[in-house]
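In: Only the shape, not the letters, is given here:
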C-alpha cells in the first residue's frame, strides 16, 4: 500500500482540529495579555523620560518627538493596543502656569484583561 485511507486522514484531521481548539484560545489570550504588559512598560518608560527631561531642563517637553531629539528616548514608542505612535493622549502639567507634556495615557478604547480602562493606566 502506498497511501492513506480516507478514514485515516479524517481521524488525523479531527485530532489536529481538537488540539487547535484547545490551544487557540490560550494563544489569543496570551497575545492580549502581552499587549497589556507592553503598554504598561511603554507608559512607564515615557513617564520616566518626561520626569528626567523636566529635572534636566526645568520645563516640560512640547512634543514626544522632543524627547527623541534630546536623546531621552530612541523613538516614540508604539501603543501596542492601537499599534500607532500617534494615539497617545498627552496631558498638560497640573500647574497651569507651565506648558508642555507632563504625562501620557493610552488612546486605546476599551479595557485591559484585568478590567481597567486603557486610559486609566
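Out: Received the coordinates, thanks. Here the structure is a predicted model, which means the values were calculated and not measured.

In: I figured residue 59 was touching residue 97, is that so?
Out: No: counting by Cβ atoms under 8 Å, residue 59 does not reach residue 97; the two are 11.1 Å apart. Yep, even glycine has a C-beta here, placed from its N, CA and C like the rest.

In: Have a look at these two and say which one is more surrounded.
Out: Set side by side, residue 59 and residue 97 show more neighbours around residue 59, with 12 against 5, by other Cβ atoms under 10 Å.

In: State the distance from that one to residue 33.
Out: From residue 59 across to residue 33, the span is 37 Å (Cβ to Cβ, to the nearest Å).

In: hang on, residue 104 in a strand?
Out: Yes: the assignment for residue 104 by DSSP: H, G, I helix; E, B strand; the rest coil puts it in a strand.

In: How about the contacts made by it?
Out: Contacts for residue 104 were tallied using Cβ atoms under 8 Å, 6 or more residues apart in numbering; they are 43, 46-47, 50, 64, 88-91.

In: try 10 Å this time
Out: With contact taken as Cβ atoms under 10 Å, 6 or more residues apart in numbering, residue 104 is in contact with 42-43, 46-47, 49-50, 64, 76-77, 79, 88-91.

In: now residue 99
Out: Residues 59-60, 62, 92-93 are the ones in contact with residue 99 under the rule Cβ under 10 Å, 6+ apart.
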